[in-house]
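>>> got a predicted structure here, sequence first:
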Amino acid sequence: MSSLTQKIFKTVPNNTMSAHQIHSKSTRRKFLTQATSSAFGFTFIPAYLTSARAQNNPQRPPSQRINLGCIGAGGRGASVVSGICRKGNATPVAICDVDHKRAAGIIRGNPKAKLFHDFREMFDQMGGDIDAVSVATPDHTHFTAAIQAMSLGKHVYVEKPLTHTFEEAAILMRGEKKFKVVTQMGNQGHTSGGSEQFKRMLAGGVVNDVVKVEAWKSASLWFMDKKKRIKGYPKAQPIPESLKSWDLWCGPQEMKEFSSMFHPFDWRGFHLYGGGMFGDWGCHIIDFIHHYLDLGLPTKISPKALGDYNKISFPLSSHIELDFPSRGENKPAVHVVWKAGGDHASSIDKKYLGGKKAPGLGGAGTLLHRKQEDYLVHRNSHSGSSKLISANKHDDLKEALNNKGPGNDHMESFTQACMGQGKTESPFSVSGALTQVLNLGMIAEYLNTDLNFDRKTQKFIGNKLANALLSGPAPRKEWADHYKLA
């Protein structure tokens, strides 16, 4: 070990890894030593600022592209990579996926990109050539990929939900501050005409004094179809030849025997690997109200009805209620009612209709109730705009309801922010807090019990098991050091 590394590790706090631990790891773990040096003032220079690529110009010219490392490039990952690179301001230089067959489209479209199965090896071999990464893997491996990239000074785009646990989200939020990189979570509606409209509605007082929010999602995944549900975990199946390593797919979580119900997609229905409907679609449905109404974390989470409840797969249907305290003027306490599944439908009180026929509410959305009970605000999901439901005209609110979109979409705004142009709308400081709310709901679904939460200590009150679930089971040994990076 060099004298410089020895000097650094003499000052490493006790809760971080020791020099001996670092030295004993394989070469693909070199990033941990590098990341630790970053914490002590040694700055990583992104590849696009090095003299080789910036042509001795300390400011990266807009004509140059972001070099993208793609972690997860099949399924949703293919759409993410294409979206980030759509306008030609970013290009894939490395493609990492545990199943190259599933990522074949992106691989064929980028023949010069180097291929990997393990993102740790990708960073070891190409870390100096990568400026930003996209992470579009199953929920339970978002964290490890994102935190390693951040620790190496890479900008990070992570699909929703940001993390699988409450504590992982907290670490990524700390990492965003520590490593000072551009971040964005993939809840696309947060950069849209719908989000810009909601900002104007907030400024114009349209969404003042909201005291109740109904949120819903129709059944659309296998575990919400009674005919497709299974008891326990799925039976073991042969691992497909295209899947390089089942161990890698499982990442920090417990490694169950392989089943096609885990890979490539249905993992979302299992507590061990996914977030169910609340963890998934909650990112697109309650994101506006959570961020723009400044809800923060709830003080009470109550599962009211969980169909076919068990601790392996998420419920057939789910009704959860969350209580958020008052946050100041025009921001009274808010009661959120979440319904997902076949009995999700909400209805509109006749007093808001003025004799008119009730509008269709769709399979996903929110209804915002004001304490004045003068109108309802209805929005669907993703980039959907908001509309008033009222028996009376509100011409004075028309300007605030105009739907004017931003200059760039969600993914291009990430690329531009990486190039120093503007900022992202759903950085980890925003999306991490939203993900934590979803994590709390997931814990309530797992335990099927009312939970009281202390916002100051960020712990449950009087429930040790629930508190243990904030961080979840200890990660498997080879991934444990990732949790010490921020």
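Sure thing, it's come through.

>>> surely residue 406 meets residue 192?
Yes: Residue 406 lies in contact with residue 192 (C-beta atoms under 8 Å); the separation is 7.1 Å. Just so you know, the C-beta spots here come from the backbone N, C-alpha and C atoms, and that holds for glycine as well.

>>> give me the more crowded residue out of those two.
residue 192 (22 against 15; other C-beta atoms under 10 Å).

>>> grab the nearest non-local neighbour of that one.
residue 383 (3.3 Å; C-beta to C-beta, 6 or more residues apart in numbering).

>>> the one you found: which element?
Under the criterion of DSSP states H and E, residue 383 resides outside all helices and strands.

>>> wouldn't it be in contact with residue 187 here?
No: with contacts counted by C-beta under 8 Å, residue 383 stays clear of residue 187, the gap being 9.9 Å.

>>> between these two, which has more neighbouring residues?
Neighbour count, other C-beta under 10 Å: between residue 383 and residue 187, residue 187 has more, with 30 against 22.

>>> mind listing what the residue lying closest to that one once chain neighbours are set aside touches?
Nearest non-adjacent residue to residue 187, counting by C-beta to C-beta, 6+ apart: residue 283, 4.4 Å away. Residues in contact with residue 283, defined by C-beta atoms under 8 Å, 6 or more residues apart in numbering, are 160, 161, 185, 187, 431, 434, 435, 438.

>>> do you know how far the residue nearest to residue 192 is from residue 216?
From residue 383 across to residue 216, the span is 18 Å (C-beta to C-beta, to the nearest Å).

>>> got it, and residue 156?
Distance, residue 156 to residue 216, by C-beta to C-beta: 31 Å.

>>> what about stretch 408-425, average pLDDT?
The pLDDT scores in stretch 408-425 average 96.

>>> to clarify, my last question referred to stretch 211-220.
Stretch 211-220 shows an average pLDDT of 97 in the prediction.

>>> list the buried residues in that stretch.
Residues of stretch 211-220 classed as buried by neighbour count (16 or more other C-beta atoms under 10 Å): 212, 213, 214, 215, 216, 217, 218, 219.

>>> any idea which element the last one lies in?
The one in question is residue 219. Using DSSP H and E, residue 219 sits within no helix or strand.

>>> next up, the contacts around it.
Residue 219 makes contact with 225, 317, 340, 341, 342, 344, according to C-beta under 8 Å, 6+ apart.

>>> kindly report the same for the fifth one.
Going by C-beta under 8 Å, 6+ apart, residue 216 touches 285, 338, 339, 340, 344, 345, 346, 361, 363, 364, 365, 366.

>>> just the third one next, same as before
For residue 214, the contacting residues are 337, 339, 346, 366, 367, 369, by C-beta under 8 Å, 6+ apart.

>>> related to what we said a few turns ago, so which of the contacts of residue 216 sits lowest on pLDDT?
residue 345 (87).

>>> wait, that one sits on residue 363?
No: assessed by C-beta under 8 Å, residue 345 is found out of contact with residue 363, at 9.3 Å.

>>> which of the two has more residues huddled nearby?
Legend: neighbour count by other C-beta under 10 Å for residue 345 and residue 363, higher for residue 363 (15 against 10).

>>> what's the more buried one sitting at in phi/psi?
Dihedral pair for residue 363: phi -80, psi -10, per degrees, to the nearest 10.

>>> so what's it closest to, chain neighbours aside?
In this structure, residue 363 finds its nearest non-sequential neighbour in residue 218, 3.6 Å apart by C-beta to C-beta, 6+ apart.

>>> now name the helix or strand holding residue 83.
helix 76-85.

>>> which residues does the next helix or strand after that helix contact?
Later in the chain than helix 76-85, the nearest helix or strand by DSSP H and E is strand 90-96. Residues outside strand 90-96 that contact it (C-beta under 8 Å, 6+ apart) are 65-73, 81, 84-85, 103, 106-107, 110, 112-119, 122, 126, 129-130, 132, 415, 418.
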